[in-house]
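Visitor: starting from these lines, generate the structure:
(one chain, ligands or ions: 2)
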Amino acid sequence: MEQIVSMGIIDSYFKKLKESLNVDVAIVGGGPSGLVAAYYLAKMGKKVSLYERKLAPGGGMWGGAMMFNEIMVQRDAIHILDELKVDYKPYVDNYYTIDSVHATSSLIYQATKAGAKIFNCTSVEDVVFLNNKVSGLVINWTPVELQKMHVDPLVVMAKSVIDATGHDCEVARTLERKNNIRLLTETGSVMGERSLSVDEAERTTIENTKEIFPGLYVAGMASNGVSGSYRMGPIFGGMLLSGEKVAKLIDISLSVSV
Ligand code: 48H
Ligand code: FE2
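Guide: Residues are numbered from 1 along each chain as shown. Ligands and ions are numbered 1, 2, ... in the order given. Predicted coordinates for the structure are as follows:
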């Protein structure tokens, strides 16, 4: 029995890992934008893998605001909560509050239930760069990164990559730092995030959700970090809508390239 438990875990983990070595979409970061993108893409029948550095996916959604575990979402994004079967409460006019633990766990559940494979404790340290296109991810265990151990990584090939790493827009920064390239931003570089301005930030999150380099899309807070826009505090409609938008953009681009 002791061996069966270990064998079963090893067999099914490596099956999952092997099946994810070549995917349609590889998502970096399991915050709200990455999880919503994973849900919609998996539901469209795409092969999706998501890499999350931490033990628990969910990013900045668990903690609500200053650890008051409630978040706000505006009416524009309510159809996504309905689709993902997340409960919400009306607050005023177009604004709703949601228990952040319920919301975060629902997003994780629905993304995995739709078929997206989540690899937690896994950090993305680089991209695969082929023929001037982002063509995959370079991954390693988070403890390797934390301990600064010199252990070489593994590679996952992907038709499209999403940088959903939040405020740090890590994938875009790494791509820019290591390669002599221009991104699709006003300056051609990662512009960096600005201070808090709620309405402006919520609007630009959607606008800035795009393909910023062949093969590399940005979603969520990373899209504002890359394009030099504002933060918005604990209102999450923009994050959800950005995840939905990036899924639609990738669906269109993959169907054109078939
Ligand atoms: C693997 C990585 C790596 C890496 C990072 O921060 P997130 O929640 O991201 P979003 O954009 O979906 O949501 C942003 C939202 O939570 C937020 O912070 C808001 C609305 N802030 C407003 C404000 O004013 O502050 O999640 C990103 C996830 C995290 O879980 C990271 O651990 C993970 O990405 N991650 N995973 N490899 N290199 N970098
Ligand atoms: Fe934040």
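Visitor: could you dump the one helix or strand residue 10 maps to to CSV, C-alpha only?
Guide: Element membership of residue 10 [criterion: DSSP states H and E] is helix 2-19. Provided in CSV are the C-alpha atoms of helix 2-19 (Å, rounded to 0.1, in the frame of the first residue of the first chain):
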residue,chain,number,x,y,z
GLU,A,2,2.7,2.4,0.9
GLN,A,3,4.3,2.0,-2.5
ILE,A,4,0.9,2.3,-4.3
VAL,A,5,0.3,5.8,-2.8
SER,A,6,3.7,7.0,-4.0
MET,A,7,3.5,5.3,-7.4
GLY,A,8,0.1,6.7,-8.1
ILE,A,9,1.1,10.2,-7.3
ILE,A,10,4.3,10.0,-9.4
ASP,A,11,2.6,8.3,-12.3
SER,A,12,-0.3,10.7,-12.5
TYR,A,13,1.9,13.8,-11.9
PHE,A,14,4.4,12.8,-14.7
LYS,A,15,1.5,12.0,-17.0
LYS,A,16,0.1,15.5,-16.5
LEU,A,17,3.6,17.1,-16.8
LYS,A,18,4.4,15.2,-20.1
GLU,A,19,1.0,16.1,-21.6
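Visitor: pLDDT score for residue 142?
Guide: At residue 142, the model reports a pLDDT of 98.
Visitor: what sits up against the helix holding residue 10?
Guide: Helix 2-19 is contacted from outside by 117, 119, using CB atoms under 8 Å, 6 or more residues apart in numbering. In short, each C-beta sits where N, CA and C put it, glycine included.
Visitor: mean confidence for that helix?
Guide: Mean predicted lDDT for helix 2-19 stands at 97.
Visitor: buried residues in that helix, which are they?
Guide: Of all the residues in helix 2-19, not one is buried under the rule 16 or more other CB atoms under 10 Å.
Visitor: many thanks, I have nothing further to ask.
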